[in-house]
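Student: prediction below, plus the sequence it came from.
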Amino acid sequence: MTKINIVQAVNMALREEMARDKSVVVLGEDVGRNGGVFRATEGLLQEFGEERVIDTPLAESGIVGISIGMAVCGMRPVAEIQFDGFLYPALDQIISHAGRIRTRSRGRYRVPLVVRAPCSGGIHAPEHHSESPEAYFAHTPGVKVVMPSTPYDTKGLLAAAIRDPDPVIFLEPKKIYRAFKEEVPEGDYTIPLGEAKVVREGSALSIITWGAMVPLCKTVAEEAKGKGIDAEVIDLRTLSPLDTKSIKASVEKTGRAVIVQEAPRSCGLGAEVAALIGEKSLLYLKAPIERVAGFDTPFPLYRLEKYYLPDAARVMRAVDRVMRY
Amino acid sequence: MPKEIIRKFEVPYLQVLDEEGRCDEGLMPDLTGEEIKELYEFMVLVRTFDEKAVKLQRMGRIGTYAPVLGQEASQIGSAYAMEDEDWMFPSYRENGSYIVRGVPMAMVLRYWAGDERGCQMPEGMNNFTVAIPVGTQVLHAVGAAWAFKMRKEKRVAMVYFGDGATSKGDFHEGMNFAGVFQIPVVFLCQNNQWAISVPITRQTAAETLAQKAIAYGFEGVRVDGNDVFAVYKSTLDALEKARAGGGPTFIECLTYRMGDHTTADDASRYRSQEEVEAWRVKDPIERLRKYMEGKGLWSKDYGAKVQEEAEERVRKAVEEMEATPEPEVEDIFRYTFEEMPQNLEEELQELREALTEGRK
Ligand SMILES: Cc1ncc(C[n+]2csc(CCOP(=O)(O)OP(=O)(O)O)c2C)c(N)n1
Ligand SMILES: [Mg+2]
């Protein structure tokens, strides 16, 4: 088994799925000759040719809308949108069509489409290159939303997304694209969409998080251990549909919840998780739910980025508050 | 009923100054020797600035930067034709146009060094903020120009964008509105033939970008984008036409991106060195220099002096940029709305407490 990072896991999943299924095509800006600006599609053009690895004109609405048409008519397009902030021109196609075609046609037509995009901040990028737009998509009926945080999960979830009969928005936290490597088997395995993962077991509180915040929360959990706090950390992995069972089980066990997201706080996915806990597990709670999030401001340019991003200090303050309550 | 041709179209191409610095005097725009020298000095300044910015990025003193290299004539010739009261809507590459329009170089650097104050235009300066989402600014320029028309102001908006941007719906929509409503706007497309790694042949099957204007019902021209006189002349004509109520014009500056797309890119992955070299001989500054030398407007001493002054100005700008105090964390919140709502007050308070706890 080889040790690889998240970008390499994306690449491996794409390669294996393309080899496995001729209907899988990859399209987007700079995905061919350049191998993608993060090199996620590196080598695919050489291996699968120009008909299946397509450098497109610069038009995100076009890339996604055209992918919808392809998907309806027998292909399995995997569209790459170069950065999170450039998903927005495609929102019309995703919201108005990708998520509704199955419903509108009463099951006659379906859209087995994957839209991949790097997401979130932390790399000192220019404006619009650090967005965490998952809530827009999680709020959209008919599309699934995935955000992995490890190489192993990335490969298994991306393979599952490509094989899924419905549209999936697959968001890849770019800050941890190359942060660490782990063993990822070559060959077939998938991780079912809709299942969260307990990445650290604990009894005192549940830290519920996803994406680039997962490694941060693991660190905080270790730090908390030094204070005698035994934190559980849950990586949601699939953000829509949510794994309500796992959230419920964890919170009912620990009685405390801290939700950590990088995206702006208001109406973020964390609000949904908090509402679920309120609805399903309120009487198990020993303290109010805490949310640690990005601010309700545009993501700042990089000089102020470190203040915007939730960090160990802010997460720990929330942990302390729920424990002290 | 015979099948007949009901429309044929032509695309004008303008070059005034060729690669050897030879000039077609009949086409030469009305420029004094002093003005020509000023154009040259701007071009040298912008190139010096640009080279420095790339170096600063390599040293980690600024962030990702999009170089102008090779496109100086397109940017400077066009910006030079504008009036102060006209509005400019740039993409992210118009560092050269910004400088011609009087934006302090230290500010331009500050923006690329991850500081929004680099976009806080000095009062009275009609230059819009950087637009990174490709093509989006096209619409803003049309709206701005429409406002001038509604308010009966004799101003024009000019919007810069690349060849890649012409693939976006925003481009189509902006061009279409401008044609339908006869908006006083100039569309200035720098066709540098690449959109990161994607060549112009992947953006359009049309032979020129200029011809797209015809379908929107107005004039489109292609100019040699490495010829500062041609760019200046066609922009000036378009601006004057717009000011006189003649509506929009589309200008395609055929040029070449000599550098990497940005400092985060490595162009050797996708294009040949031969192609780059073939464009090096078309360098916009060198051809202007040759022309000026022939006219007695350029000497070795003058050239050295211009270069020295440019370096000095850039050095000062870097100094000024680096002497700027860091922005305050409050600045993250301060500009979201005119009045800070309760939720932002609370978020800021939480951040302040986390910071005073001294854990950051
Ligand atoms: C809507 C959008 N999609 C993708 C990008 C990423 N991107 C930045 S510049 C660029 C290429 C732009 O090419 P062009 O319009 O020709 O301008 P140039 O960079 O050559 O000046 C791309 C794909 C972006 N900034 N905005
Ligand atoms: Mg270009």
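Tutor: That came in fine, so what should we check first? Ligands and ions are numbered 1, 2, ... in the order given.

Student: what does the stretch 1-150 of chain B have sitting close to chain A?
Tutor: Residues of the stretch 1-150 of chain B lying near chain A by C-beta under 8 Å from any C-beta of the partner chain: B:63-64, B:92, B:111, B:113-116, B:130, B:132-135. Bear in mind the C-beta positions are built from the backbone N, C-alpha and C, glycine included.

Student: out of those, which comes closest to ligand 2?
Tutor: Using C-beta to the ion, B:Val134 comes nearest to ligand 2 of these, at 9.3 Å.

Student: ok, residues contacting the helix or strand of chain A with the lowest mean pLDDT?
Tutor: Least confident element among the helices and strands of chain A, by mean pLDDT, DSSP states H and E: strand A:2-4 (a mean of 94). Taking contacts as C-beta atoms under 8 Å, 6 or more residues apart in numbering or on different chains, the residues outside strand A:2-4 that touch it are A:Met12, A:Pro151, A:Lys181, A:Glu182, A:Glu183, A:Val184, A:Glu186.

Student: where strands are concerned, which of these count?
Tutor: Among those, the ones falling in strands (DSSP state E) are A:Glu182, A:Glu183, A:Val184.

Student: out of the residues you listed, who's the most crowded?
Tutor: The residue in these with the most neighbours, by other C-beta atoms under 10 Å in any protein chain shown, is A:Val184 (23 neighbours).

Student: ok, the residue positioned nearest the centre of chain B - contacts?
Tutor: Residue closest to the mean C-alpha point of chain B, counted by C-alpha atoms, centre = their mean, is B:Glu94 at 3.0 Å. By C-beta under 8 Å, 6+ apart, the contact list for B:Glu94 reads B:Val68, B:Gln75, B:Ala79, B:Met88, B:Tyr160.

Student: quick check: which element contains the fourth one?
Tutor: Element membership of B:Met88 [criterion: DSSP states H and E] is strand B:87-89.

Student: and ligand 1, is that strand touching that?
Tutor: No - applying C-beta under 6 Å from any ligand atom, one finds strand B:87-89 separated from ligand 1 by no less than 14.0 Å.

Student: before we move on, the earlier item: return the set of buried residues in the least confident helix or strand of chain A.
Tutor: Going by neighbour count (16 or more other C-beta atoms under 10 Å in any protein chain shown), the buried part of strand A:2-4 is A:Ile4.

Student: gap between the residue nearest to the centre of chain B and A:Gly36?
Tutor: 27 Å (C-beta to C-beta, to the nearest Å).

Student: and if you look at A:Ser266?
Tutor: Using C-beta to C-beta, we find A:Ser266 at a distance of 32 Å from A:Gly36.

Student: neighbour count winner among the two?
Tutor: A:Gly36 (24 against 15).

Student: secondary structure element for the more buried one, which one?
Tutor: Judged by DSSP H and E, A:Gly36 forms part of no helix or strand.

Student: flag every residue of the stretch 51-200 of chain A that's near chain B.
Tutor: Counting by C-beta under 8 Å from any C-beta, the stretch 51-200 of chain A sits next to chain B at A:55-59, A:61-62, A:85-86, A:88-89, A:124-129.

Student: buried residues of stretch A:164-181, list them for me.
Tutor: Neighbour counts over stretch A:164-181 (16+ other C-beta under 10 Å) mark A:164, A:166-177, A:179 as buried.

Student: how far off centre is that stretch?
Tutor: Relative to its chain's centre, stretch A:164-181 lies at 5 Å (C-alpha atoms, centre = their mean, to the nearest Å).

Student: anything in it near ligand 1?
Tutor: No - Stretch A:164-181 is not in contact with ligand 1 by C-beta under 6 Å from any ligand atom; minimum separation 13.6 Å.

Student: kindly check the end-to-end length of that stretch for me.
Tutor: For stretch A:164-181, the separation between the terminal residues is 26 Å (C-alpha to C-alpha, to the nearest Å).

Student: same check, this time on stretch A:277-292
Tutor: 16 Å.

Student: average pLDDT for that stretch?
Tutor: The average of the pLDDT scores along stretch A:277-292 is 98.

Student: hmm, it in reach of chain B?
Tutor: No - Stretch A:277-292 does not reach chain B (C-beta under 8 Å from any C-beta); its nearest approach is 9.0 Å.

Student: helices of chain A, start to end?
Tutor: Applying DSSP state H to chain A gives helices spanning A:6-20, A:44-48, A:60-72, A:91-93, A:101-104, A:134-138, A:151-163, A:213-226, A:244-254, A:269-281, A:305-308, A:312-324.

Student: from those, which stretch is densest packed?
Tutor: Of those, the one with the most neighbours on average (mean count of other C-beta atoms under 10 Å in any protein chain shown) is helix A:151-163, at a mean of 24.

Student: show residues contacting it.
Tutor: Applying C-beta under 8 Å, 6+ apart, the set of residues contacting helix A:151-163 is A:4-6, A:8-10, A:12-14, A:16-17, A:21, A:24, A:76, A:78, A:114, A:116, A:144, A:146, A:148, A:168, A:170, A:172, A:180-184, A:188-193, A:197, A:235, A:237-238.

Student: give the buried residues for the strand holding B:Met88.
Tutor: Judged by neighbour count using 16+ other C-beta under 10 Å, the buried positions of strand B:87-89 are B:Trp87, B:Met88, B:Phe89.

Student: quick one, what contacts the second one?
Tutor: If you count contacts by C-beta under 8 Å, 6+ apart, B:Met88 has them with B:Ala79, B:Met82, B:Glu94, B:Ser97, B:Arg101, B:Asn126, B:Asn127, B:Phe128, B:Ala157, B:Met158, B:Val159, B:Tyr160.

Student: please report how far it lies from B:Ala79.
Tutor: Remark: distance between B:Met88 and B:Ala79 (C-beta to C-beta) = 7 Å.

Student: what do the two both touch?
Tutor: Joint contacts of B:Met88 and B:Ala79 (C-beta under 8 Å, 6+ apart) are B:Glu94, B:Ser97, B:Arg101.

Student: burial measure for the residue nearest to A:Leu44 when sequence neighbours are not counted, as a count.
Tutor: Residue nearest to A:Leu44 in three dimensions, not counting chain neighbours: A:Val53, with 4.6 Å by C-beta to C-beta, 6 or more residues apart in numbering or on different chains. By the measure other C-beta under 10 Å, the count of residues near A:Val53 is 24.

Student: now do the one 5 residues further on
Tutor: Applying other C-beta under 10 Å, we find 25 residues neighbouring A:Leu58.

Student: contacting residues for it?
Tutor: Going by C-beta under 8 Å, 6+ apart, A:Leu58 touches A:Glu29, B:Val134, B:Gly135, B:Gly164, B:Ala165, B:Ser167, B:Lys168, B:Ala195, B:Val198, B:Gln203.

Student: A:Glu232 too?
Tutor: Neighbour list for A:Glu232: A:198, A:200-207, A:221, A:250, A:253-254 [criterion: C-beta under 8 Å, 6+ apart].

Student: go with 7 Å
Tutor: Neighbouring residues of A:Glu232 by C-beta atoms under 7 Å, 6 or more residues apart in numbering or on different chains: A:Val198, A:Arg200, A:Glu201, A:Gly202, A:Leu205, A:Ser206, A:Ile207, A:Ser250, A:Thr254.

Student: pLDDT weak spots in the stretch 201-325 of chain A?
Tutor: For the stretch 201-325 of chain A, applying pLDDT under 70 flags no range at all.

Student: picking up where we left off before, out of the contacts of A:Glu232, which are buried?
Tutor: A:Arg200, A:Gly202, A:Leu205, A:Ser206, A:Ile207, A:Ser250, A:Thr254.

Student: how many other residues sit next to B:Gly70?
Tutor: Neighbours of B:Gly70 under the rule other C-beta under 10 Å: 25.
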